[in-house]
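**Q** Got a predicted structure here, sequence first:
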Amino acid sequence: MTSPIVYSSDPVALFGGGEATLADVAEVQALAGPCVAADGGAQIALEAGIDLAAVIGDFDSVTPDILRQVPADRQYHIAEQNSTDFDKALRHISAPVVLAAGFLGGRVDHQLACFSVLVRYADRPCILIGREEIVFLCPPRLALATQPGDVVSLYPLAAVEGTSTGLRWPIDGLAFHPMSAIGTSNAAEGAVTLTMSDPAMIVIAPRRCLPTLTQALVQASQDARWPARAAQYTALPQS
């Protein structure tokens, strides 16, 4: 089991080196407690005047000038190259939810890698914040404060089944799989509830759901969270 570098009973903000604005940083910071940077994400965090609790990564995209602005005891260099900086950071954060900005947009392969990490560490809820959308792994059960007409996309990364209320096209009885049945471009008819059989369904929802979703994940009971053993793909080196 990986020992946490950052532990918090409040949401943790995590900043990456991808597409993010100072407004994104401010919105995430307002919802979180400690702030962490994954490698090059330290730059925008420091530009925003954030006192970082940690910088975690292999340090191949953060400059020496940026690192000089972070106390040495808050720098966590993880040299292995078998995982991404997002992976290195998320697996070392213990919090009710991680709010991650700077990981969507830009290169598609980077985004796909992030989706894989969400599933790998299913017991560590994390919301990826994009320009207009948020992306997260669906917990065992979830209430989402959507509005009529909102696009709610479901994309399975493995075989998974679920139930829903509030979706234009209900998912009850469907066997999802990335090679046969996906649930993109569904739409909300109001507030949506979801249940999932396994930690394998990526949800894409409007960004304005971020505050209420964050609160819901913080307040979630234990049976509304995936247990640590649900992270079936944790075969990477652990630090």
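**A** That came in fine, so what should we check first?
**Q** Have a look at this protein and report its longest strand.
**A** Within the chain, and with DSSP state E defining each element, the longest strand by residue count is strand 183-196.
**Q** what's the helix or strand just after that strand in contact with?
**A** Secondary structure here is assigned by DSSP states H and E; on that basis, the next helix or strand after strand 183-196 toward the C-terminus is strand 201-206. For strand 201-206, the external contacting residues (C-beta atoms under 8 Å, 6 or more residues apart in numbering) are 115, 118-119, 132-138, 142, 144, 146, 150-157, 160, 162, 176, 184, 194, 213. Where C-beta positions appear, they are placed from N, C-alpha and C, glycine not excepted.
**Q** From these, keep the buried residues only.
**A** Buried members of the contacts of strand 201-206, scored by 16 or more other C-beta atoms under 10 Å, are 115, 118-119, 133-138, 142, 144, 146, 150, 152-157, 160, 162, 176, 194, 213.
**Q** picking that back up, out of the contacts of strand 201-206, list just those in strands.
**A** When these are checked against strands using DSSP E, the ones located there are 133-137, 142, 144, 151-156, 160, 162, 176, 184, 194.
**Q** Can you give the domain ranges for this structure?
**A** Domain assignment of the chain by automatic domain parsing yields the ranges 1-131, 134-204.
**Q** for those domains, which one sits closest to residue 217?
**A** Ranking the domains of the chain by distance to residue 217, with C-beta to C-beta as the measure, places domain 1-131 first at 4.1 Å.
**Q** that's a helix at residue 164, yeah?
**A** No - residue state for residue 164 (DSSP: H, G, I helix; E, B strand; the rest coil) corresponds to strand; a helix is not indicated.
**Q** At which residues are the helices of this protein located?
**A** Using DSSP state H, the helices of the chain run over residues 22-31, 42-47, 64-67, 85-90, 108-120, 210-219.
**Q** Could you say which of those is packed most deeply?
**A** Mean neighbour count (mean count of other C-beta atoms under 10 Å) peaks for helix 85-90 among the helices of the chain, with a mean of 27.
**Q** average model confidence for it?
**A** When pLDDT is averaged along helix 85-90, the result is 97.
**Q** go on, stretch 158-176?
**A** Stretch 158-176 comes out with an average pLDDT of 98.
**Q** Also stretch 97-105?
**A** So the average pLDDT for stretch 97-105 ends up being 96.
**Q** Go through it and flag the buried ones.
**A** Buried residues in stretch 97-105, defined by neighbour count with 16+ other C-beta under 10 Å: 97-104.
**Q** just those residues now: which is nearest residue 198?
**A** Sorting the buried residues of stretch 97-105 by how near they are to residue 198, with C-beta to C-beta, puts residue 97 at the top with 19.9 Å.
**Q** For residue 113, see how far away that closest one is.
**A** Separation of residue 97 from residue 113 (C-beta to C-beta, to the nearest Å) stands at 20 Å.
**Q** can you check residue 61 too?
**A** Taken as C-beta to C-beta, the spacing of residue 61 relative to residue 113 amounts to 14 Å.
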